[in-house]
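**Student:** Structure for the following, please:
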Amino acid sequence: MDHTSIHNPALWAHKQAAPAAANPAGQAIRSRIAVIDVLRGLVMLIMLFDHVRETLYLHMQVTDPMTVAATEPALFFTRMAAHFCAPMFVFVTGLSAWLYAHPAAGPRNATGFLVKRGLLLVGLELVVVNFAWAGQFPPPVLYLQVIWVIGLAMIVLALLHRLPLQLLGAAGLLIVFGHNALTWISFEPGSIAYDAWTILLHRGFLVADGAVKLKVTYPLLPWVGVILLGYAAGPLYAKAMDPQRRRQLLLMLGAASLLLLAVLRGFNIYGEELPWVHGATAVQTVMSFFNFTKYPPSLDFLLMTIGTGMLALAVMEPLENWFTRACATFGGAPMFYYLLHLYLLLALQHVLVALFGANHGARFGVDQLWPVWVVALALMPVLYVPCRAFANFKRTSNQAWVRYF
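**Tutor:** Alright, predicted model coming up:
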């Protein structure tokens with residue numbers, strides 16, 4: 001299992017089980033690992049809808065949590081679908097880190113790779129990703145978003161992953177379940193405590209004035225909890241784990257998460273600061289119930305997304321069809337896909353402004369949501385071809401830089 005496996009465990013399985021098609025045991029090995037790429041690819045495709053929305057429908061801003069009465073249902077549920085992306089990305093990153101640290105030859109220290117990978121992600125967020133969103137350099141505001149927080153969470157995991165697995169799992173649960181109880185804490189802007197707390201738990205500016213501002217969009221602490229839980233779930237994908245047992249455990253954990261969500265949210269007990277209320281219509285009532293805080297992710301937000309993700313892992317593992325193969329292709333080249341789709345959307349925005357002119361400030365935008373869905377679907381095959389080529393290159397290349405993409 002080489003360094004590529006941290007972000008593409010299916011690649012390791014492919015190398016270990018090349019004759020899988022003729023070997024039922026090999027097929028089982030491949031499917032238990034490949035499903036991780038399938039799930040990652042699926043959420044990456046869902047993410048595309050939201051990022052096309054931010055390219056063509058940005059003038060219709062959504063709040064966090066969303067304002068139910070002022071948000072059309074189609075926009076609400078399009079945005080809600082994207083909620084699953086970051087939690088599953090971070091959870092699967094922890095899971096893949098466990099697979100990297102526990103190859104067939106025996107456990108190994110993953111500290112060096114996790115630190116280098118994490119620093120690379122932070123650097124990419126600051127330079128490459130921010131430029132793609134802003135379309136200018138330097139961007140007027142540097143947003144510390146999901147790639148930044150995955151990078152930092154990987155660095156934290158690098159420092160902790162050799163601790164007992166039970167301790168890591170307990171710490172992950174404590175953070176995920178407990179951080180909502182800390183949201184009342186605040187500090188005066190400009191203090192070291194304010195900056196530290198903003199990085200850990202409060203969305204806000206670290207640098208609010210000057211030519212380049214710096215804003216934390218994804219506070220770190222809850223995502224450390226998620227990556228620790230992903231790492232603690234790693235033994236579910238150990239070679240010795242019975243596939244049926246793994247799927248049963250995933251179904252039980254996923255169902256328990258959603259049942260707990262139903263209780264906590266149904267009675268407005270804990271886990272989300274904004275209580276749900278009966279709306280003017282049945283649809284608005286449903287929207288209110290599922291209207292969770294993402295920045296930082298509330299407990300209810302994480303119960304919904306990770307619980308559903310566990311169910312998806314269990315259901316998709318035995319599936320083998322054109323759709324799961326396509327998802328696995330995207331999931332096998334995640335960073336390549338992420339950067340490629342951002343720059344494709346940046347180019348698309350410039351082309352549309354050149355062809356039709358800017359009709360929403362300096363941007364071109366559509367006035368209905370359905371073109372967002374159409375464009376996202378149309379871009380999927382466009383992205384598939386280069387992602388498949390890069391995944392094939394990654395599978396056969398021995399170049400060191402490829403390991404990090």
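**Student:** Buried residues in the strand or helix carrying Val283, which are they?
**Tutor:** Using DSSP states H and E, Val283 sits in helix 282-289. Residues Gln284, Val286, Met287, Ser288, Phe289 are the ones in helix 282-289 that count as buried (16 or more other C-beta atoms under 10 Å). Using the backbone N, CA and C atoms, a C-beta is placed for each residue, glycine as well.
**Student:** what does stretch 244-264 give?
**Tutor:** Arg246, Arg247, Leu249, Leu250, Leu253, Gly254, Ser257, Leu258, Leu260, Leu261, Leu264.
**Student:** Using CSV, lay out those residues together with distance to Leu157, secondary structure and pLDDT.
**Tutor:** Rendered in CSV, the data for these read as follows (distance: C-beta to C-beta, whole Å; DSSP: H, G, I helix; E, B strand; the rest coil; pLDDT from 0 to 100):
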residue, distance to Leu157, secondary structure, pLDDT
Arg246, 22, helix, 97
Arg247, 26, helix, 96
Leu249, 22, helix, 98
Leu250, 21, helix, 98
Leu253, 20, helix, 98
Gly254, 23, helix, 98
Ser257, 21, helix, 98
Leu258, 26, helix, 98
Leu260, 25, helix, 98
Leu261, 26, helix, 98
Leu264, 27, helix, 98
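**Student:** which one among these gets closest to Gly112?
**Tutor:** Arg246 (29.3 Å; C-beta to C-beta).
**Student:** Where do the strands of the stretch 151-300 of the chain begin and end?
**Tutor:** Assigned by DSSP state E, counting those that start in this stretch, the stretch 151-300 of the chain shows strands spanning 204-207, 213-216.
**Student:** looking at these, which is closest to Gln166?
**Tutor:** strand 213-216 (31.2 Å).
**Student:** Go ahead and measure how far the closest one is from the middle of the chain.
**Tutor:** How far strand 213-216 lies from its chain's middle: 20 Å, per C-alpha atoms, centre = their mean, to the nearest Å.
**Student:** tell me what it is packed against?
**Tutor:** Counting contacts by 3 or more C-beta pairs under 8 Å, 6 or more residues apart in numbering; DSSP states H and E, strand 213-216 is packed against strand 141-144, strand 204-207.
**Student:** one more time with 10 Å
**Tutor:** strand 141-144, helix 192-200, strand 204-207 (3 or more C-beta pairs under 10 Å, 6 or more residues apart in numbering; DSSP states H and E).
**Student:** I'd like these as TSV, with distance to Thr111, mean neighbour count and mean pLDDT appended.
**Tutor:** As requested, those are exported to TSV (distance: least, C-beta to C-beta, whole Å; neighbours: other C-beta atoms under 10 Å; pLDDT from 0 to 100):
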stretch	distance to Thr111	mean neighbour count	mean pLDDT
strand 141-144	23	20	95
helix 192-200	22	16	96
strand 204-207	27	15	94
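**Student:** so which of the ones you listed comes closest to Leu352?
**Tutor:** Using C-beta to C-beta, the helices and strands packed on strand 213-216 put strand 141-144 closest to Leu352, at 22.8 Å.
**Student:** quick revisit: please identify which of the buried residues of stretch 244-264 is nearest to Ala86.
**Tutor:** For the buried residues of stretch 244-264, the nearest to Ala86 is Ser257 (16.5 Å; C-beta to C-beta).
**Student:** didn't that closest one look like it was pressed against Gly271?
**Tutor:** No - if you go by C-beta atoms under 10 Å, Ser257 and Gly271 don't touch, sitting 11.3 Å apart.
**Student:** residue contacts, Asn109?
**Tutor:** By C-beta atoms under 10 Å, 6 or more residues apart in numbering, Asn109 lies in contact with Ala101, Ala158, His161, Arg162.
**Student:** And the helices in the stretch 51-200 of the chain, which stretches?
**Tutor:** Taking DSSP state H, counting those that start in this stretch, the helices of the stretch 51-200 of the chain run over residues 73-82, 85-101, 111-124, 130-134, 146-160, 165-178, 192-200.
**Student:** okay, those helices, which one's buried deepest?
**Tutor:** helix 85-101 (a mean of 25; mean count of other C-beta atoms under 10 Å).
**Student:** helices or strands next to it in the packing?
**Tutor:** helix 9-16, helix 24-56, helix 111-124, helix 146-160, helix 165-178, helix 221-232, helix 299-316, helix 334-356.
**Student:** want to throw those into a markdown table with distance to Ser96?
**Tutor:** Converted to a markdown table, the helices and strands packed on helix 85-101 look like this (distance: least, C-beta to C-beta, whole Å):
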| stretch | distance to Ser96 |
| --- | --- |
| helix 9-16 | 5 |
| helix 24-56 | 7 |
| helix 111-124 | 11 |
| helix 146-160 | 10 |
| helix 165-178 | 15 |
| helix 221-232 | 8 |
| helix 299-316 | 13 |
| helix 334-356 | 10 |
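**Student:** mind checking pLDDT for the residue most central in space within the chain?
**Tutor:** When C-alpha atoms, centre = their mean is applied to the chain, the residue found nearest the centroid is Ala86 (2.3 Å). pLDDT, Ala86: 97.
**Student:** circling back to that earlier point, for Tyr338, find the nearest of the helices and strands packed on strand 213-216.
**Tutor:** strand 141-144 (14.8 Å).
**Student:** from the chain's centre, how far out does that closest one sit?
**Tutor:** 18 Å.
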